[in-house]
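1. Below: sequence and its predicted model.
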Amino acid sequence: MAVYTYGATNINFSTFDVWSNANFTDNTNITLGTVLTDAFPASANPVGVGEIYNRSWFYGNVIAGSNGNVAVTGPYSSGTSTGTIIVKNVDYSVYSYVRLVATPTYPFSFSSWRTAASGGGSSISTNATLDLYVGDQTSTVNFYAYFV
């Protein structure tokens, strides 16, 4: 998944729409509560930008190809989907990886995680379980499970 990393100073609110799953159209009157709406772990009552300083935030989607399903199994469980899962914004300062799992539907088999649909793009991994650490695939937003 893509990763957005903040340094220790100068957080620009215009960067929130790059990585946050929150649904907002501009940066007027935005709150950290809104920005962190779909974060994991959830921040019950964010009080300041210090909660995002020096942190890296995971964002993106996991998409099942025909003949299988996908799930996020770590650090939280999304349940399975035969479509698209919008992955929660995971705080890499709290959790070291995000785990994606692809499961084929019989009689098909898992082929690979890809950067594009239907076996297109580049291969990311041929392992049906994919652990993504803070330095992995930092610009890939969509992860496609390809089944054959």
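-> Happy to help now that I have it.

2. which residue sits farthest out from the middle of this structure?
-> Ranked by distance from the centre of the chain (C-alpha atoms, centre = their mean), the top residue is Pro107, with 28.8 Å.

3. which residues touch the helix-or-strand element of the chain with minimal mean pLDDT?
-> Here the helix or strand of the chain ranked lowest by mean pLDDT, DSSP states H and E is helix 32-35, holding a mean of 82. Applying C-beta atoms under 8 Å, 6 or more residues apart in numbering, the contact partners of helix 32-35 are Phe16, Ser20, Ala22, Phe24, Ser43, Asn45, Pro46, Val47, Gly48, Val49, Glu51, Ile52. Heads up, the C-betas are built off the backbone N, CA and C, glycines and all.

4. and the residues you listed as CSV, adding distance to Ile85 and secondary structure?
-> Formatted as CSV, those follow (distance: C-beta to C-beta, whole Å; DSSP: H, G, I helix; E, B strand; the rest coil):
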residue, distance to Ile85, secondary structure
Phe16, 21, helix
Ser20, 17, coil
Ala22, 17, coil
Phe24, 21, coil
Ser43, 21, coil
Asn45, 27, coil
Pro46, 24, coil
Val47, 30, coil
Gly48, 30, coil
Val49, 28, helix
Glu51, 25, helix
Ile52, 23, coil
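
5. Type out the ChimeraX command that picks the buried ones from the residues you listed.
-> A single ChimeraX command selects the buried members of these (16 or more other C-beta atoms under 10 Å):
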select :16,20,22,43,46,52
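
6. Tyr76: which of the contacts of helix 32-35 is nearest?
-> Nearest to Tyr76 among the contacts of helix 32-35 is Ser43, at 14.2 Å by C-beta to C-beta.

7. if I pick the nearest residue to that closest one once chain neighbours are set aside, what's in contact with it?
-> Distances taken as C-beta to C-beta, 6 or more residues apart in numbering place Leu36 nearest to Ser43, at 4.8 Å, with adjacent residues excluded. Residues near Leu36 by C-beta under 8 Å, 6+ apart: Ser20, Ala22, Ala42, Ser43, Pro46, Glu51, Ile52, Asn89.
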